[in-house]
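1. Any chance you can model this:
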Amino acid sequence: MKLIVACDPRGGIGYQNSLPWKNLSGDLARFRTLTTGQVVVMGRNTWESLPKKPLPNRLNFVVTSKELDLSTDALVVSDLSSFKTFKSAWLIGGAQLINSNWDMIDEIHLSRTTAEYTCDKFIDLVQLENDFENMYTLIFDDHTYEFWKRK
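-> I've put the predicted structure just below:
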């Protein structure tokens with residue numbers, strides 16, 4: 001499984017169920033390019049935070065144990081076990097789903113902001129650095145784009 005996520009330098013990815021930053025130059029376009037035509041997997045809170053549901057031109061899966069009324073273009077699953085052998089699926093959030101499934105992730109596409117933000121949801125950057133190797137980093141004005149692979 002692949003992870004695509006943006007965080008601040010402390011691993012903050014969200015605040016009150018939305019992104020804590022307004023825009024990272026080129027980040028949304030990169031997200032769209034990498035995930036269009038692909039399978040995307042997200043937690044319920046991430047689903048609920050999407051401005052447009054489902055994400056267009058992708059097969060959307062929502063991981064939740066709660067009843068959820070979804071459009072016909074999205075599917076509910078109770079956990080990530082069905083994606084264990086599906087290496088091309090994209091995990092797109094949120095923090096709880098990421099932090100409880102690091103062992104299923106093989107590569108990470110990480111946008112890391114240069115500024116710190118007020119956040120209430122964090123990913124575990126220690127786990128990232130312990131289990132993955134940074135293959136390359138591209139530097140932009142407001143963030144870095146980092147590509148990591150499992151060690």
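2. how close does the residue most central in space within the chain sit to residue 62?
-> Residue closest to the average C-alpha location in the chain (Cα atoms, centre = their mean): residue 92, at 2.6 Å. Using Cβ to Cβ, to the nearest Å, residue 92 is found at 11 Å from residue 62. C-beta here means a position set from N, CA and C on the backbone, and glycine is covered the same way.
3. Any buried residues in the top helix by length along the chain, and which?
-> Criterion DSSP state H: the longest helix present in the chain is helix 27-35. Going by neighbour count (16 or more other Cβ atoms under 10 Å), the buried part of helix 27-35 is 27, 30, 31, 35.
4. swap in stretch 60-71?
-> 60, 61, 62, 63, 64.
5. now do stretch 119-139
-> 119, 121, 122, 123, 128, 132.
6. With stretch 102-120 instead?
-> 102, 104, 105, 108, 109, 110, 111, 112, 113, 117, 119.
7. Tell me the bridge partners for the fourth one.
-> Using DSSP bridges, the bridge partners assigned to residue 108 are residue 3, residue 148.
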